[in-house]
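Chemist: I'll drop the sequence and a predicted model, then ask my questions.
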Amino acid sequence: MPFDEDRVYVGIPSPDGPLASGARVMVESRSGACRNLVLPAGKREFTWGWIAASTTCTASAVLTDAVQVRDEPLPASEETRTPVWSALSVDFAVRFLLPLPPGEAWRLERREIIAWMRAWYQRKGISDLPEGLAPLPRP
């Protein structure tokens, strides 16, 4: 799928119910192309709507993809394994993923995620931002 700064993340629940595995997150581009979001290595499932390690993994996967600025997969870098990234992922999960009803679909725009991330870094007084948090071009 060609790189699209205006991509949207879509949570698709498991067809077997909210407590069953099989939920996924799709990434839609403005052109309508879709791809599956990939979980970090060693992780087995996407979750939202309850407190679980897999909910934080879902948050980290969305955030990692959101800061991707090129049309190639972002490697699991040291940047995504730091205490700062862990805190960012937990706070993102609390703000965006935990309030979602388990077993229901959801949509989050990349622009909303990036704006929240910039504000998070600013509140924490962290000036060393990931490359993908550079100013976004106007449509």
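Modeler: Perfect, I can see it now.

Chemist: any idea which helix or strand carries Ala119?
Modeler: Following DSSP states H and E, the helix or strand that holds Ala119 is helix 110-124.

Chemist: and the residue lying closest to Val62 once chain neighbours are set aside, how many neighbours?
Modeler: Leaving aside its chain neighbours, Val62 sits nearest to Tyr9 (5.4 Å; criterion: C-beta to C-beta, 6 or more residues apart in numbering). In this view, the C-beta of every residue, glycine as well, is placed from N, C-alpha and C. Tyr9 has 22 neighbouring residues, counting by other C-beta atoms under 10 Å.

Chemist: tell me the phi and psi of Tyr9?
Modeler: For Tyr9, the backbone dihedrals (degrees, to the nearest 10) come out as phi -100, psi 130.

Chemist: and Ser60, that one's in a strand?
Modeler: No: under the criterion used here (DSSP: H, G, I helix; E, B strand; the rest coil), Ser60 is helix, not part of a strand.

Chemist: and the most centrally placed residue in the chain, what does it touch?
Modeler: Nearest to the mean C-alpha position of the chain, by C-alpha atoms, centre = their mean, lies Val62 at 1.3 Å. Contact analysis of Val62 by C-beta atoms under 8 Å, 6 or more residues apart in numbering lists 9, 25, 37, 92, 108, 113.
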